[in-house]
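> missing the sequence, but the structure's below:
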């Protein structure tokens with residue numbers, strides 16, 4: 001090992017510090033890149049040379065090398081935005097995106113999403129965001145996440161009412177109506193009434209009115225009627241009974257029988273061409289000494305409607321809101337978490353790809369494990385400018401020191417050459 005080896009030691013320092021400056025420059029350049037994760041350089045020494053001295057064998061280092069460039073996946077701060085499709089993750093998860101027509105999967109923390117002209121939720125580069133869709137019964141589908149798409153160009157079809165729910169109190173002090181209910185004198189032969197607007201299969205609305213008639217102590221009769229002009233064979237202006245039943249209460253005013261009822265089969269045959277309809281009625285009724293009142297009522301039908309707004313909530317659930325007031329849950333955004341995020345490969349455009357070093361992702365919906373989603377927010381770069389500038393100074397000084405090794409060694413070699421004149 002001679003003096004000239006010091007030249008290469010200095011060169012190794014120049015190369016390593018030069019690479020470190022490139023990493024610092026990239027960090028600083030991406031200070032305002034959403035979802036960007038800073039990198040850091042780790043140096044290591046080169047294999048030492050062995051020399052013999054009077055005290056025995058010793059080792060002399062031969063310089064430095066770049067060991068690894070780590071990605072720092074610390075949490076970035078959030079910036080509030082005006083777009084409800086801007087999403088940020090608090091936690092360790094990643095959004096999952098896929099290019100159109102491929103099975104390649106990328107992961108990102110940059111949640112600047114938007115819906116494209118086809119109704120797909122995409123990132124600025126057009127990669128489709130993945131999520132788990134909802135089944136018709138409202139449960140999440142099983143299997144791998146799929147593209148999130150909202151049908152933005154058509155009306156949703158009407159849904160006919162199948163169930164009516166009534167939560168009421170019937171006044172226990174109401175008088176018993178002798179002879180029971182008579183549709184020809186509905187008001188005079190009933191104690192209370194409530195009306196519910198229902199939908200047929202074409203989306204038309206009809207008014208069903210349920211009359212409650214006290215027939216005995218702790219016993220009420222209910223009759224649901226409709227104007228005869230709306231059903232086949234009926235007479236306009238004449239009420240037709242389409243369903244009837246009896247409610248039984250105990251001495252404490254609690255309903256003990258008759259909680260469930262239904263319209264008579266075939267009774268709701270509308271004269272507008274829609275399908276024959278059967279409606280179930282659920283009574284959550286009490287009989288207390290208080291005015292008769294409807295506390296709440298519900299029905300599960302709706303008319304045709306057009307899309308007016310798409311929203312995403314804190315659980316990542318994408319909901320389509322229609323002009324008929326219906327809200328349909330489309331999908332829930334999926335997140336992925338890796339055993340070793342440091343093993344992810346940077347792919348550009350704020351994207352990462354899995355590798356053998358990262359391990360297989362754990363995929364699920366937003367949770368305490370995978371992360372929580374914030375809407376109207378974007379995660380900012382986690383680059384700390386003050387820290388980067390300090391590192392820049394130390395790297396610059398390191399580069400200067402290594403260049404001085406080369407100039408000093410050159411001077412030593414000059415002195416060596418001048419020994420012979």
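Looks like it arrived, so ask away. None of the values given here were measured: they were computed from a predicted structure.
> how about the nearest residue to residue 7 once chain neighbours are set aside, what does it touch?
Counting by Cβ to Cβ, 6 or more residues apart in numbering, residue 7 lies nearest to residue 409, which is 5.1 Å off, once chain neighbours are set aside. Heads up, the C-betas are built off the backbone N, CA and C, glycines and all. For residue 409, the contacting residues are 3, 4, 6, 7, 10, by Cβ atoms under 8 Å, 6 or more residues apart in numbering.
> could you check how far the second one is from residue 401?
What that stands for is residue 4. Using Cβ to Cβ, to the nearest Å, residue 4 is found at 19 Å from residue 401.
> secondary structure class of the residue nearest to residue 7, three-state.
Under the three-state scheme (DSSP: H, G, I helix; E, B strand; the rest coil), the conformation of residue 409 reads as helix.
> picking up where we left off before, select only the buried ones of the contacts of residue 409 in PyMOL?
Filtering these down to the buried ones (16 or more other Cβ atoms under 10 Å) takes a single PyMOL command:
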select buried, resi 6+7+10
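> give me the phi and psi for residue 397.
With angles defined as degrees, to the nearest 10, residue 397 sits at phi -70, psi -40.
> on that earlier part again, out of the contacts of residue 409, which comes closest to residue 396?
Using Cβ to Cβ, the shortest approach to residue 396 within the contacts of residue 409 belongs to residue 10, at 15.5 Å.
> and the closest one, which of the three is it?
On the three-state scheme (three-state DSSP), residue 10 is labelled helix.
> go on, the one 5 residues further on?
Look at residue 15: counting by three-state DSSP, its state is helix.
> can you pull the contacts of it?
For residue 15, the contacting residues are residue 66, taking Cβ under 8 Å, 6+ apart as the criterion.
> do the same with residue 46
When contacts are counted by Cβ under 8 Å, 6+ apart, residue 46 is found next to 12, 61, 62, 63, 64, 65.
> surely the fourth one touches residue 6?
No. At 9.1 Å, residue 63 does not count as touching residue 6 under the criterion of Cβ atoms under 8 Å.
> how about low-confidence regions in this structure?
Counting by pLDDT under 70, the low-confidence segments of the chain come to 1-2, 421.
> can you give me the helices for it?
Under the criterion DSSP state H, the chain carries helices at the ranges 4-29, 385-417.
> flag every buried residue along the last one.
Within helix 385-417, the residues that qualify as buried by neighbour count (16+ other Cβ under 10 Å) are 388, 391, 392, 395, 398, 399, 402, 405, 406, 409.
> how about CSV for the residues you listed, with distance to residue 139 added?
As requested, the buried residues of helix 385-417 are exported to CSV (distance: Cβ to Cβ, whole Å):
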residue, distance to residue 139
388, 48
391, 51
392, 53
395, 55
398, 59
399, 60
402, 63
405, 68
406, 69
409, 73
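> tell me which of those residues is nearest to residue 87?
Distances from those to residue 87 were compared by Cβ to Cβ; the smallest belongs to residue 388, at 27.0 Å.
> okay if I get the helices of the chain as a markdown table plus distance to residue 272?
Below are the helices of the chain laid out as a markdown table (distance: least, Cβ to Cβ, whole Å):
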| stretch | distance to residue 272 |
| --- | --- |
| helix 4-29 | 66 |
| helix 385-417 | 69 |
